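[1] requesting a structural model of the entry that follows:
(3 chains)
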Amino acid sequence: MSFEIKSSYPSKKKSLIRKNILDWYDINGRSDLPWKGQDIYKIWISEVMLQQTQVQSVIPYYKMFIDRYPNLESLFKASLNDVMKIWSGLGFYRRAENIYKTSIIIQEEFDGEFPKNYNDILSLPGIGRTTASAITTFSGNGRYSILDGNVKRFLSRFLSAEVDNSELNSLWELSQYLLSDTRPSDFIQAYMDIGSLVCKKSKPLCYECPVNKQCNSYPYQPSNISSKPRKIKIKEKNIWSLVVINNKGQFYLEKISYDNLWKGLYSSPVFHNQSDLMGWTESHKIKAYMESNTWKFTHKLSHIKFTFNIILCNIKYHKKVSLSDDNWYNLSDIDFGIPKYQDKIFNQYKSIYDYN
DNA sequence: CATTCGTGGGT
DNA sequence: TACCCAAGAAT
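    Numbers count the residues shown, from 1 in each chain, chains lettered A, B, ... in the order given. This next block holds a predicted model:
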């Protein structure tokens, strides 16, 4: 892809595009999202949650998070496990780790106040170009445009250009070039709302688009809606064995220690195959308590497909087993994060044993 | 520059 | 079903 912004988009055309987008936004834009406002702390939390995560998934987590940690001061007092607990089920847990790290950095390097300068914001862990721009612009501290999935799709269709990952600089340039001088915050929201509500990845509503007359892909034909397919991900198949250990209402959980998957969360003991599990239960003297009924279920990630074989182990004589005394928890009193698969297992366990 | 990070929804 | 992919960033 190659184009010359200034020749393709003279000042007059640029002004028209800006006006049409903002006029559309004033009527159709999403102004009721719970993180709308000027509080840079809340904007930060929402923007991190929204990375690769749909709005509908984020809203309940955002409300829980802000209810528990309404400002930086309250977050400063939290532990990493506290943040991970709130994050449980939302995914991409490195984001929660980076939020915790950032809270420490802000105390130590920014005198306890969230930075308002774009480059300072960009320097924080877990904040890249798009997130830094959104935080800066939404909070009223600058005029920086974004290039998230919505804007990429919208602008590449607008140009009717195939854009691969090595040519994103041109789209960044165009995104910033079209950005409103007077209402940058509304404008980047309008970018995303158009991308999400009108210029959808399938069945775009081109007749509703405020800039369809300037769009190179209009009138709509499936063939001129260019979308560069993302890398085809190879899904591995993993069969893991997991043992749920219950000692009279206390469950044995340990910190997960695979590579970086579910890093910082806790789980029932997991093994890469059945024989490893059997060896472990034998050496820890719990094999005698294993139930005969087992079940399995699959848990799909974007790039890995898991099948879990679940074994139940109900300890009756705690003294005889050689398991650490420190790893037993009541389900109602867990103060750390667990993966979604563990949550599903506990729910299934409760239904089997009519447990609460 | 290609992978690796979760989970849920859409087609 | 199987596959894509979402307000991306780090490595």
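
[2] which residues in chain A form strands?
    Secondary structure of chain A by DSSP state E: the strands cover A:236-247, A:250-252, A:254-255, A:266-267, A:270-271, A:290-300, A:304-315, A:328-329.

[3] with only the CA atoms kept, save the first one in PDB.
    Output for strand A:236-247, consisting of C-alpha atoms alone and laid out as PDB, is shown next (Å, rounded to 0.1, in the frame of the first residue of the first chain):
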ATOM      1  CA  GLU A 236      -2.300 -27.500  19.600                       C
ATOM      2  CA  LYS A 237      -4.200 -30.200  21.400                       C
ATOM      3  CA  ASN A 238      -3.300 -30.800  24.900                       C
ATOM      4  CA  ILE A 239      -4.700 -33.400  27.200                       C
ATOM      5  CA  TRP A 240      -4.000 -32.600  30.800                       C
ATOM      6  CA  SER A 241      -5.000 -34.400  34.000                       C
ATOM      7  CA  LEU A 242      -6.100 -32.500  37.000                       C
ATOM      8  CA  VAL A 243      -6.900 -33.700  40.500                       C
ATOM      9  CA  VAL A 244      -9.400 -31.900  42.700                       C
ATOM     10  CA  ILE A 245      -8.400 -32.500  46.300                       C
ATOM     11  CA  ASN A 246     -11.000 -31.800  49.000                       C
ATOM     12  CA  ASN A 247     -10.400 -32.200  52.600                       C
END
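
[4] count the neighbours of A:S8 for me.
    13 (other C-beta atoms under 10 Å). In this view, the C-beta of every residue, glycine as well, is placed from N, C-alpha and C.

[5] quick one, grab the pLDDT at it.
    pLDDT recorded at A:S8 is 70.

[6] deepest-packed of the strands of chain A, please.
    strand A:266-267 (a mean of 21; mean count of other C-beta atoms under 10 Å).

[7] give me the low-pLDDT residue ranges for the stretch 151-300 of chain A?
    Applying pLDDT under 70 to the stretch 151-300 of chain A flags the ranges A:222-234.

[8] what does it have sitting close to DNA strand B?
    Residues of the stretch 151-300 of chain A found near DNA strand B (C-beta under 7 Å from any atom of the strand) are A:165-166, A:202-203, A:231, A:233, A:259-263, A:299-300.
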